[in-house]
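Chemist: Fold the following.
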Amino acid sequence: MVLSSQVIADTGELKRYASLAELKQALQALALTKGIAGSTCAAKRIPKFVNKSGNRIVSSKMVIIGTNYQDLVNDYFTEHRKIEKTNDSQYLDSPPCFGIVEGITQHPTFCRNEEATHSTTVTSESSATANVSFSVPYTGIGVQTSYTSTSGSSTQHGGSTGVVSEATEEFSWTEGTGDYRVVAFVNRYSLAQKADPNQDVEYTIGSIHTLADCHYVYQSYTNFHPHHGAITSMAQLGHPTKVVIATPIDYNVSYVDEWPSYVKQAGKTCQDPVNLNEIK
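Modeler: Prediction:
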């Protein structure tokens, strides 16, 4: 079988593989070519035993020490996520709207949304199928929740309140403000789709761990078949430490702001229609 990486011209770009499984298979094949199993058995020979070992690897495990996977997951989500404003009471403890007229002062309490994160699930190629060990976060990883920075006329409350679970604001009437209303809402973020196209994930390989099937004989009649392990670096194999794999990423993400936002709208009352999509 010809691996896809073997037919790519040397253009100075990262070596490309179709999957983690294919990458591990290629590294194991290189280890066999380099005689790693045979030399491991020779080095582990028991005194007075004759080494009859061949060059057989019974299993291998690839160790990944770096990847830009999390960054790609977050970047794609940020670019493609859907953001909707909602004043659903499920996410908003304060009234969605309250009016301010002369002689009226309001003191609404804004609460931290304890159920802000509903799902940050992201699935991709399973490392278990390729017998891969990650020394960096990979399996079970999810989107890192990030909230839209408020700008323009809207303000998000609680951005710097630490562990405080609620806070009270004061809204009052002045000659400068005149009558106005305060509209409260939260942003809801979602993405339920597969990344298109598959994302080019870079992986930095630390080593490949191989288990050699050894055979030793003592005085022609005692046979001993232990398995001995070896850790081989990419330099020893003559293989680049960094590769790229086009990886499918499937998003099932939905969460809302931890804190509500609000906007002051001059000259309007809560009886007037509210269009949350017009709020910037």
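
Chemist: okay, now Gly238: neighbour count?
Modeler: Gly238 has 9 neighbouring residues, counting by other Cβ atoms under 10 Å. C-betas here are computed from N, CA, C, even on glycine.

Chemist: tell me the contacts of it?
Modeler: Contact analysis of Gly238 by Cβ atoms under 8 Å, 6 or more residues apart in numbering lists Leu30, Lys34.

Chemist: and the helix or strand that contains Phe98, which strands flank it?
Modeler: Using DSSP states H and E, Phe98 sits within strand 97-100. Next to strand 97-100 in the sheet, as set by DSSP bridges, lie strand 180-194 (antiparallel).

Chemist: List the buried residues for the strand it pairs with?
Modeler: Tyr180, Arg181, Val182, Val183, Ala184, Phe185, Val186, Asn187, Arg188, Tyr189, Ser190, Leu191 (16 or more other Cβ atoms under 10 Å).

Chemist: and Tyr91, how far is that from Gln236?
Modeler: Separation of Tyr91 from Gln236 (Cβ to Cβ, to the nearest Å): 55 Å.

Chemist: quick one: which of these two has more around it?
Modeler: Ranked by neighbour count (other Cβ under 10 Å), Tyr91 and Gln236 place Tyr91 first, with 18 against 15.

Chemist: Now do the strands in the stretch 1-150 of the chain.
Modeler: 15-17, 50-51, 57-67, 82-86, 97-100, 105-106, 109-111, 117-123, 132-134 (DSSP state E, counting those that start in this stretch).

Chemist: Nearest spatial neighbour of Lys194, chain-adjacent residues omitted?
Modeler: Asp250 (4.8 Å; Cβ to Cβ, 6 or more residues apart in numbering).

Chemist: Return the set of residues that bridge with the one you found.
Modeler: Residues in beta-bridge contact with Asp250 (DSSP bridges): Thr123, Lys194.
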